[in-house]
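[1] heads up, no residue letters with this:
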């Protein structure tokens, strides 16, 4: 072996090196094509039957649990169905769109709709603002304080509605309420005997606070989990660029939390538009007209007035409004997915 052969290193062929001997143009033997990156041979195609097979049990359960009640509800909304039909004395009479025409032409119904929108909107805004403030606070306290606050949040979230209603009734009681007593301690203020439920807007505000108090824990815990995913490097880079706390929150934290905020907003709207036990129990099972929301109005129409067809029509309209909220949610989530 010569000296040149012993000192020259062997360089392995690269992707652009010449083909092996005996292959290439003119040899009659072509090299095997290299596999393209990102292409898998075999395996299930994207969008195949596997996702649908995994979703099938859940969809079957939802169909069994919700399918019949929803079909029955829609059917009743097109019928005249009262006590005689309920007890079997008369057959149900199909009335077409008469129930919907009567409901949509009723001024009281539209007052209830706007009252429900006002109630749900206020509750959603308060819930999200307080939940975000608590979540931000939990990022800046000591571990034992954070643990104590989380325990308090979970305890209030898990409290039964009837217990929460009892607590709020005592707090806002006109004769023995602790809130009237505290406000009366302020100089020049006398709230002894003040009735918080004397008017509809004031009483619904108290009920709204009850709803917010029960909803804030879920929002705060969820946003707190989302805040842990905000990269500290982005916050530090924004701080070095001269951004203050509000600037960091607006341009760094909020864009990252946007999918969670959209989800929480949608869920809160659905929950707050479907509020029933808080209003029903706070008013002793007989909500006055100025306290009626869509849920209690539908219940009163069906089970107090015994107009099951009209109550079903109101419930169907409520479901249609909530489906509109869900459609907006899905559109926003698709937009976020396209941006990402």
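    Yep, that arrived. Note that the structure is a prediction, hence the values are computed from the model and not measured. Residues are numbered from 1 along each chain as shown.

[2] least confident secondary structure element in the protein?
    helix 3-7 (a mean of 47; mean pLDDT, DSSP states H and E).

[3] quick one: average pLDDT of the helix or strand following that helix?
    For helix 3-7, the following helix or strand on the C-terminal side (DSSP states H and E) is helix 49-77. Averaging pLDDT along helix 49-77 gives 88.

[4] distance from the chain centre to helix 49-77, please.
    Helix 49-77 sits 20 Å away from the centroid of its parent chain (C-alpha atoms, centre = their mean, to the nearest Å).

[5] direction included, what does the next helix or strand after that helix pair against?
    Counting by DSSP H and E, the next helix or strand C-terminal to helix 49-77 is strand 79-80. Neighbouring strands of strand 79-80 in its sheet, by DSSP bridges, are strand 93-94 (antiparallel).

[6] what residue is smack in the middle of the chain?
    Geometric centre of the chain, nearest residue: residue 267, 1.6 Å, by C-alpha atoms, centre = their mean.

[7] tell me which element that one falls in.
    Going by DSSP H and E, residue 267 is in helix 254-273.

[8] where does this structure have low pLDDT?
    1-47, 337-340 (pLDDT under 70).

[9] ok, now with 50
    1-9, 11, 14-17, 39, 41-44 (pLDDT under 50).

[10] return the set of buried residues in the helix holding residue 267.
    Within helix 254-273, the residues scored as buried using 16 or more other C-beta atoms under 10 Å are 257, 260-262, 264-273. All C-beta atoms are positioned from the backbone trio N, CA, C, and that covers glycine.

[11] over to stretch 234-245?
    235, 238, 243.

[12] contacts only, for the first one.
    Counting by C-beta atoms under 8 Å, 6 or more residues apart in numbering, residue 235 touches 248, 252, 253.

[13] any chance of CSV for those residues, columns distance to residue 165 and neighbour count?
    What follows is the contacts of residue 235, written out as CSV (distance: C-beta to C-beta, whole Å; neighbours: other C-beta atoms under 10 Å):
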residue, distance to residue 165, neighbour count
248, 40, 19
252, 40, 19
253, 35, 20
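
[14] closest to residue 180 out of those?
    Comparing these against residue 180 with C-beta to C-beta places residue 253 closest, at 39.4 Å.

[15] and the closest one, how close does it get to residue 136?
    9 Å (C-beta to C-beta, to the nearest Å).

[16] common neighbours of the two, please.
    In contact with both residue 253 and residue 136: residue 227, using C-beta under 8 Å, 6+ apart.

[17] quick one, strands of the stretch 201-340 of the chain?
    Counting by DSSP state E, counting those that start in this stretch, the stretch 201-340 of the chain has no strands to list.

[18] the helices in it, which residues?
    232-240, 245-248, 254-273, 277-282, 294-299, 308-339 (DSSP state H, counting those that start in this stretch).

[19] related to what we said a few turns ago, other residues contacting the helix holding residue 267?
    Contacts to helix 254-273, defined as C-beta under 8 Å, 6+ apart, come from residues 116, 119-120, 123-124, 127-128, 131, 211, 215, 219, 222-223, 226-227, 229-230, 293-295, 318, 321-322, 325-326, 328-329, 332-333, 336.
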